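>>> Got a sequence here, can you build the structure:
(chains A and B)
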Amino acid sequence: MISDYYSILDLPRDADQEEIREAYFSAARQHHPDVNPDPRASERFLTFQRAYQILSNTESRRIYDLSLPPGMAVPDAQIQIATSRSALIRIKEAQLIYALLDLTPKTEPENRKLPSSHICLVLDRSTSMQGERMDMVKSSAIRLIRQLKPQDWVSVVIFNDRAEVLIPPTQVKELHKLDNRINLIKTGGGTELYHGLRCGYDLFNQVGGGKTINELILLTDGHTYGDELACLSISEAGNEEGVTITSIGIGDAWNDAFLDKLSAKTGGSAFFIQNDVDLSHIFKDKISALNLLFAKRVRMVGSFGSGVELRYAFRVQPESTPLAVEKPLQMGNLYYKNRLIVLLEFLVKDLPEREEEFRIFKGRIWMDLAERNGPASSLPIHIQLPIRSETDKKPVPVQIMEALSRLSLYRLQEKARGEVGEGKISDAMRHLRFLATHLLALGKRELAQSVLVEAEHIHQSHEYSPSGSKTIKYGTRDLFLPSGMEGLK
Amino acid sequence: MIVCPNCRQTEIFGALFCDECGEQLVTTNGVQTHVIGEGKIDRNEQKDDTSGQNGVGMDDLRVTNLALVVVESGQIIHLTGRMDYTLGRAVEEQPILPDVDFSAFDAHRQGVSRLHASLKWIRRRVYIMDLGSSNGTQVNGRKTTAHVDYPVKDGDIITLGRLKIQIMFQKLEENR
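Sure thing, here's the model as predicted:
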């Protein structure tokens, strides 16, 4: 079976000559017989050569394209980009420019076969989970399973210092009473996340033929010790395989910075729950979202203009969370009837003297369509602006102002948090006070009050109260929810 | 370089919100305020006269004047010309006097401190901040925390100690 020349070279159907050439040379370098002694490599090398021959010639490419089945290599989604200003200013100093990416599917999810999901619950059963906490997890887990479709797969891993598979990957219609095992979970032991994650991750390629939507939901109430790097590498591996990790932290003692990172690498996010209602809510939202999945693993790859740095990236919706600034930039999933909105902060350090236009970023947004299981498809993205000598009088697009105003509050609390960690107490208090003022102006009285109470606590004891830092962090993060946002529709 | 109108922190050109205090750095029509670039300072702030969408909470007013009404007596104190005012009680031989002196309104018995609170104008919003007074400051009956800016709107009742004053915004639309 021969796949088409495009997918052999990892190219989209609308690749331009530059992309084709680059892809070929990079593949050739790796597989050239002089470089690579493996006999299969030289065979592949010949195929690459052939692919390049056909695709690099306009006429032969045209004929070849006609012979291919109509591809969905360009996904049925559209992207809109807004920038904070319509031009860059010709100044000698650095400048910031913001871009808001808004992706949305162009089609409706009618008459389509719902994709099957494989949900793996990785549950912490360390000693601290005992009593009400574990009870809450048990009942929510069972309820979650009841909401899945008959053809969905479910698996459950329990872990403390080590991990075991409580329920191996089983289709919901075959579960029968197996989910009762959940009720029998006993608590005890310490917390080593790595074992739980590893065990869960390994279950995904056992079933589904690579066609399921894979979600790992991690539930923990504590810190893991010494195995963070190992966990992060599972997360990376998981991302390559299309596994999205959602982390749920219960109570005060878990490491939110770490779980945020763990989830963000896969385009997922972390949640903070304090009671049963929160957890059921998260599970319910997740299931309905999965059924509306249009594309997974939306990621941005490309090149920046010279002297341009991506300083900060934040997903505004759904599941607002800071994104890991890495190559590629993992943006999360795209759902039907919804939009994926990401805010990017670019620092442009200097501008070339004689140019009229400046390219900030050029690349592609790739995604794995939920309904096909072929190669990923992509959309081109190009952010380029003219350079002017005067500031323009155009207003900053309201969606950018709205998103940034919430983001600046999120970042204020991030700042305060860092300062408490460094012992800069008066700085932290000052930032928390500023935060409170803005929250009051937004009408978020309760959150403002929590912030002020926490500032006082920090004044007295030089540290956050057990749930204080998380309440404030996730509280400001929740400002991005529809109830907290107005101009963004 | 941009200077934040609230906290005076310098920010990179193109920043829309101050990193230090969260204050908005652009007016709603996109004009950057307080730009210091290549030696120039551009005080565009006063010219901001567009409507709407300036965050949440303010009506579209062309406000340039504030008035404080002492509730008990109905007397009006006009505030003009400044962007911030300290409210308190002037005492002889004190080096620092408040901009608005409530001595004439029985301030001492009403529990007003010498430097009780400050009223601040940032762009088109007004804030009250208790300066660490002995008896506290309330906004519409709710206690405020010292050293925090609380947004106030037209008609709000500010209580300094036990002295109630009502803040009024005066429109100056047809005042030319």
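
>>> where does chain B have low pLDDT?
B:28-64, B:123, B:171-176 (pLDDT under 70).

>>> Phi, psi for the residue nearest the centre of chain B please.
With distances taken as Cα atoms, centre = their mean, the residue of chain B nearest its centroid is residue B:120 (1.8 Å). Note on residue B:120: its backbone torsions stand at phi -130, psi 140 [degrees, to the nearest 10].

>>> who in the stretch 301-450 of chain A is up against chain B?
A:347, A:391-396, A:398, A:400-401, A:404-405, A:407-409, A:411-412, A:415, A:431, A:433-438, A:440-443 (Cβ under 8 Å from any Cβ of the partner chain). C-beta here means a position set from N, CA and C on the backbone, and glycine is covered the same way.

>>> From these, list the buried ones, please.
A:347, A:391, A:395-396, A:400-401, A:404-405, A:407-409, A:411-412, A:415, A:431, A:433-438, A:440-442 (16 or more other Cβ atoms under 10 Å in any protein chain shown).

>>> Against residue A:366, how distant is residue A:393?
The gap separating residue A:393 from residue A:366 is 37 Å, by Cβ to Cβ, to the nearest Å.

>>> re the thing from before, among the buried ones among the residues of the stretch 301-450 of chain A next to chain B, which are in strands?
Of those, the ones assigned to strands by DSSP state E are residue A:347.

>>> does residue B:119 sit in a helix, a strand or a coil?
strand (DSSP: H, G, I helix; E, B strand; the rest coil).

>>> how much space is there between it and residue B:81?
13 Å.

>>> and the residue of the stretch 201-350 of chain A nearest chain B?
residue A:347 (7.3 Å; Cβ to the nearest Cβ).

>>> Quick one: the strands in the stretch 251-400 of chain A, in order.
Along the stretch 251-400 of chain A, the segments classed as strands by DSSP state E, counting those that start in this stretch run A:270-273, A:293-304, A:308-317, A:321-322, A:329-335, A:340-348, A:357-369, A:377-388.

>>> Quick check: pLDDT value at the residue minimising distance to the centre of chain A.
In chain A, the residue lying closest to the centroid (Cα atoms, centre = their mean) is residue A:267, at 1.7 Å. You'll see residue A:267 listed with a pLDDT of 90.

>>> Identify the residue spatially nearest to it, adjacent ones excluded.
Counting by Cβ to Cβ, 6 or more residues apart in numbering or on different chains, residue A:267 lies nearest to residue A:332, which is 3.8 Å off, once chain neighbours are set aside.

>>> Identify the bridge partners of that neighbour.
residue A:298 (DSSP bridges).

>>> ok, it - contacts?
Residues counted as contacts of residue A:332 (Cβ atoms under 8 Å, 6 or more residues apart in numbering or on different chains) are A:244, A:267, A:268, A:269, A:298, A:315, A:318, A:319, A:323, A:340.

>>> cool, and residue B:144?
B:128, B:129, B:130, B:136, B:137, B:138, B:150.

>>> longest helix in chain A, by residue count?
Looking across chain A with DSSP state H, the single longest helix is helix A:398-421.

>>> just checking, what packs against it?
On a contact count with 3 or more Cβ pairs under 8 Å, 6 or more residues apart in numbering or on different chains; DSSP states H and E, helix A:398-421 meets strand A:77-83, strand A:95-105, strand A:308-317, strand A:340-348, helix A:425-441, helix A:468-477.

>>> Tally up the residues packed near residue A:67, please.
Using other Cβ atoms under 10 Å in any protein chain shown, residue A:67 has 7 neighbouring residues.

>>> Next one, pLDDT for it please.
79.

>>> With the one 10 residues further on instead?
The predicted structure scores residue A:77 at 90 on the pLDDT scale.

>>> Confirm for me that it is in contact with residue A:102.
No: the criterion here is Cβ atoms under 8 Å, and residue A:77 misses it with residue A:102 at 10.7 Å.

>>> higher neighbour count, these two?
Neighbour count, other Cβ under 10 Å: between residue A:77 and residue A:102, residue A:77 has more, with 21 against 17.

>>> Now do the same contact list for that one.
So residue A:77 contacts A:103, A:104, A:105, A:106, A:294, A:295, A:334, A:367, A:379 (Cβ under 8 Å, 6+ apart).

>>> Quickly note the distance from it to chain B.
28 Å (Cβ to the nearest Cβ, to the nearest Å).

>>> now that residue, which residues is it bridged with?
residue A:105.

>>> Can you name the residues that contact residue A:104?
Contacts of residue A:104 by Cβ under 8 Å, 6+ apart are A:77, A:78, A:334, A:338, A:339, A:340.

>>> from what I can see the second one touches residue A:101, true?
No: with the criterion set as Cβ under 8 Å, residue A:78 and residue A:101 do not qualify as a contacting pair; they are 11.2 Å apart.

>>> who has more neighbours, those two?
Taking neighbours as other Cβ under 10 Å, residue A:78 and residue A:101 compare with residue A:101 leading, 24 against 11.

>>> Any idea what the more buried one is bridged to?
residue A:81, residue A:342.

>>> OK, contacts around it?
Neighbouring residues of residue A:101 by Cβ under 8 Å, 6+ apart: A:79, A:80, A:81, A:300, A:331, A:340, A:341, A:342, A:343, A:344, A:365, A:381.

>>> Then residue A:480?
Each residue near residue A:480 by Cβ under 8 Å, 6+ apart is listed here: A:316, A:317, A:320, A:403, A:406.

>>> Before I go, just wanted to say thanks for your time.
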